[in-house]
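*Asks:* what's the 3D shape of this:
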Amino acid sequence: MSEYPTKIKTGKRVNNLYDPKSKSPFKLSRTRLEDFMNCPRCFYLDRRLGIEEPSGPQFNLNIAVDALLKKEFDIYRAKREPHPLMVKYNINAVPMQHPELDTWRNAFKGIQYLHQPTNFLLFGGIDDVWQSLSGEIFIVDYKATSKEGDVTLDDEWKDAYKRQMEIYQWLFRKNNFNVSRTGYFVYCNGLKSENGFFDHLKFKTVILPYAGNDSWVEPALFKACECLKSDQLPDCTPQCGLCLYRKVSKEAES
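*Replies:* Residues are numbered from 1 along each chain as shown. A predicted model of the protein is given here:
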C-alpha cells in the first residue's frame, strides 16, 4: 500500500518559458536537457508553450535513501577520511569538502554554468563529489533500486543515468575543476530475500565506476536552443510514449 501526496496541476505553466526575443539567460536544468534528448516535441511544448507533462508521484523511499547516504558520507567528509565502501573498492579519494557543496546539492540551484552562445544557464543538483590527494574530483551519483541479481549499468534505459553523470562532469569542468573522466554510482539494491519486513529493509550497496564522455553536451545545447527559437512545433518522436498517447487519444476523440 502506497501513500502519495496529492498535487493539483492546471497543465499550463506561465513561468520560465523561453522567449526568443529575451536577452536574459534562460535557466535550463539538467532534467530539461534530458527531456530534449528524449523528445524535442515534448520539450518544446513544455519550455516554449508552457504545456506541462503529467507528473507522477515522487519515489519517497529513494529520496530517503539519498538523504541518508548524504548524511553517512558527510560523517567521513568531516573526518577527511574515505568511506569504508571507498576503501573496499580501492578508490583513492575522500568525500570533498567545499563551501559550495550545499548549493551544488540543491536541486533548484546546483552547479551552474552560463553557456554564452545559447544564453542557457545550465544547472544540476549533484549528490556528491569525491577528491583525490592530487586535487582531481570524481562526480558521484546515488541510486536505489530493488531487483534480483547484481545491479549493472547495462540496461538501455540507464543511458539517461550516464548522460546525467556526463552533464555534471561537463558543468564542473566549465567551472574550472580538474574532473576525472571516471564517475561513480553508489547503487543500493533493496533485498527481497529476507524472511519479513519487521520495520527493517536491508540493502546491498555497490559502487559502479563509469567512464563518462561529455562531448555531446554542447552540441545538444545548440540543438535545444535551435528547437526553442523555432516557431514550428517539432514532429512527434516515434519512441515517445506521451507523443503516442496524444496521437492515439486524438484519433479516438475525433
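*Asks:* helices along the chain, start to end?
*Replies:* Under the criterion DSSP state H, the chain contains helices at 30-38, 40-47, 60-79, 84-88, 101-105, 159-174, 217-229, 241-253.
*Asks:* any chance of the ones you listed in a markdown table, plus mean pLDDT, mean neighbour count and distance to residue 143?
*Replies:* In short, each C-beta sits where N, CA and C put it, glycine included. Putting those into a markdown table (pLDDT from 0 to 100; neighbours: other Cβ atoms under 10 Å; distance: least, Cβ to Cβ, whole Å) gives the following:
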| stretch | mean pLDDT | mean neighbour count | distance to residue 143 |
| --- | --- | --- | --- |
| helix 30-38 | 95 | 19 | 15 |
| helix 40-47 | 95 | 21 | 24 |
| helix 60-79 | 94 | 14 | 8 |
| helix 84-88 | 97 | 14 | 14 |
| helix 101-105 | 97 | 16 | 16 |
| helix 159-174 | 96 | 20 | 7 |
| helix 217-229 | 98 | 16 | 21 |
| helix 241-253 | 88 | 11 | 22 |
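*Asks:* for residue 235, find the nearest of these.
*Replies:* Closest to residue 235 of those, according to Cβ to Cβ: helix 40-47, at 6.6 Å.
*Asks:* export the closest one as PDB, just CAs?
*Replies:* Only the C-alpha atoms of helix 40-47 are listed here, as PDB (Å, rounded to 0.1, in the frame of the first residue of the first chain):
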ATOM      1  CA  PRO A  40      12.200  17.600 -28.700                       C
ATOM      2  CA  ARG A  41       8.400  18.000 -29.200                       C
ATOM      3  CA  CYS A  42       7.600  17.400 -25.500                       C
ATOM      4  CA  PHE A  43      10.500  19.700 -24.600                       C
ATOM      5  CA  TYR A  44       9.100  22.500 -26.900                       C
ATOM      6  CA  LEU A  45       5.600  22.100 -25.600                       C
ATOM      7  CA  ASP A  46       6.900  22.500 -22.000                       C
ATOM      8  CA  ARG A  47       9.600  25.100 -22.200                       C
END
